[in-house]
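Trainee: Give the three-dimensional model of this entry:
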Amino acid sequence: MANGRLITSENPDLTKGQTRVGWSKQAVRICLYAQLLLVDCLALFSSFFLASHFLGEAWLSPTGAGLGYLVTPIYAVIAVNRNAYSVHVFDSQSENLRRALSAFFVAILLVIMLGFFVREDLVVSRFIFTVAVGVGASVLLVCRYVFHAIVTRRFDGGITDDLLIVDGVEFGDRGHRYIIDARAEGLEPDLQNPRMLSRLAELVYNFDRVVIACPLEKQLPWSLFLKGADVIGEL
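Mentor: Next comes the predicted model:
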């Protein structure tokens with residue numbers, strides 16, 4: 001399926017009149033990742049800036065530079081590397097907070113190590129430093145929690161595109177927006193038919209997850225197709 005091509009089914013009872021444009025949810029996720037990264041950076045920088053203003057900048061500059069200038073970019077790199085901006089953080093609030101918090105503390109440890117290597121006469125108040133780190137972590141978690149709640153409420157249908165393929169069984173939609181009746185569409189997981197495999201590959205292209213509802217004897221060919229199509233699948 002080419003970018004922007006609509007997916008429909010000949011069976012209106014299954015599709016419920018829905019159509020799909022490729023990349024729509026993917027574009028939404030990319031925007032949300034960028035917004036979440038911006039929220040994280042603003043939360044950290046502003047919290048450390050306020051901590052420096054009220055607690056004393058001299059105690060919060062282990063390398064000679066403000067803590068916010070150091071922690072924020074290091075955190076961003078680590079958070080991206082630890083998949084703190086992925087679809088999983090929108091699936092689970094606990095996973096959302098856990099990934100952010102782990103990346104934050106790794107960034108703090110790196111800043112502390114950098115401070116000891118750069119300055120031999122390092123003098124930092126442990127109490128003030130700990131308070132500043134606690135404030136930064138708290139603001140980060142609160143911002144993440146609120147952002148996740150807003151996204152969950154706004155996109156109640158989820159930010160992923162799931163396709164349900166029903167092949168010879170009775171199966172309720174269970175919240176799936178896009179449903180295809182394999183028999184009505186003449187679809188079979190025939191691994192010896194290149195044309196059929198090409199058609200199936202075009203069908204699942206751009207979907208984030210494909211769920212197959214089929215009899216036990218058809219699970220093996222469907223699973224082999226899903227592996228070959230390099231798509232997240234569920235039987």
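Trainee: Is residue 212 in a helix, a strand, or coil?
Mentor: strand (DSSP: H, G, I helix; E, B strand; the rest coil).
Trainee: burial count for it?
Mentor: 23 (other C-beta atoms under 10 Å). Backbone N, C-alpha and C define where each C-beta goes, glycine included.
Trainee: which residues does it form a beta bridge with?
Mentor: Note on residue 212: beta-bridge partners by DSSP bridges are residue 165.
Trainee: Does it touch residue 162 like I think?
Mentor: No - if you go by C-beta atoms under 8 Å, residue 212 and residue 162 don't touch, sitting 11.5 Å apart.
Trainee: Report the residue spans of the protein with pLDDT below the cut-off.
Mentor: 1-24, 55-66, 115-125, 157, 171-177, 231-235 (pLDDT under 70).
Trainee: ok, residue 200 - contacts?
Mentor: 187, 189, 225, 229 (C-beta atoms under 8 Å, 6 or more residues apart in numbering).
Trainee: Now do the last one against residue 200, distance only.
Mentor: To tie it back to what came earlier, the one meant is residue 229. 7 Å (C-beta to C-beta, to the nearest Å).
Trainee: hmm, back to that, out of the contacts of residue 200, which are buried?
Mentor: 187, 189, 225, 229 (16 or more other C-beta atoms under 10 Å).
Trainee: Show the residue spans covered by the strands in this protein.
Mentor: 6-7, 20-21, 162-166, 178-181, 209-213, 232-234 (DSSP state E).
Trainee: Among the buried ones among the contacts of residue 200, which lie within helices?
Mentor: 225, 229 (DSSP state H).
Trainee: need the buried ones among the contacts of residue 200 in a markdown table with distance to residue 101, can you?
Mentor: Putting those into a markdown table (distance: C-beta to C-beta, whole Å) gives the following:
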| residue | distance to residue 101 |
| --- | --- |
| 187 | 45 |
| 189 | 43 |
| 225 | 39 |
| 229 | 36 |
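Trainee: Could I have the CA atoms of stretch 34-50 written out in PDB?
Mentor: The C-alpha trace of stretch 34-50 is given here as PDB (Å, rounded to 0.1, in the frame of the first residue of the first chain):
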ATOM      1  CA  ALA A  34       8.700  15.800  19.900                       C
ATOM      2  CA  GLN A  35       6.300  17.500  22.200                       C
ATOM      3  CA  LEU A  36       7.200  15.200  25.100                       C
ATOM      4  CA  LEU A  37      10.900  15.800  24.600                       C
ATOM      5  CA  LEU A  38      10.300  19.500  24.700                       C
ATOM      6  CA  VAL A  39       8.200  19.200  27.800                       C
ATOM      7  CA  ASP A  40      11.000  17.200  29.500                       C
ATOM      8  CA  CYS A  41      13.700  19.600  28.600                       C
ATOM      9  CA  LEU A  42      11.700  22.600  29.700                       C
ATOM     10  CA  ALA A  43      10.700  20.900  33.000                       C
ATOM     11  CA  LEU A  44      14.400  20.100  33.800                       C
ATOM     12  CA  PHE A  45      15.800  23.400  32.800                       C
ATOM     13  CA  SER A  46      13.200  25.500  34.600                       C
ATOM     14  CA  SER A  47      13.400  23.400  37.800                       C
ATOM     15  CA  PHE A  48      17.200  23.700  38.000                       C
ATOM     16  CA  PHE A  49      17.000  27.400  37.100                       C
ATOM     17  CA  LEU A  50      14.600  28.000  40.000                       C
END
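Trainee: before we move on, back to that, which single one of the buried ones among the contacts of residue 200 is nearest to residue 40?
Mentor: For the buried ones among the contacts of residue 200, the minimum distance to residue 40 (C-beta to C-beta) is 34.2 Å, reached by residue 229.
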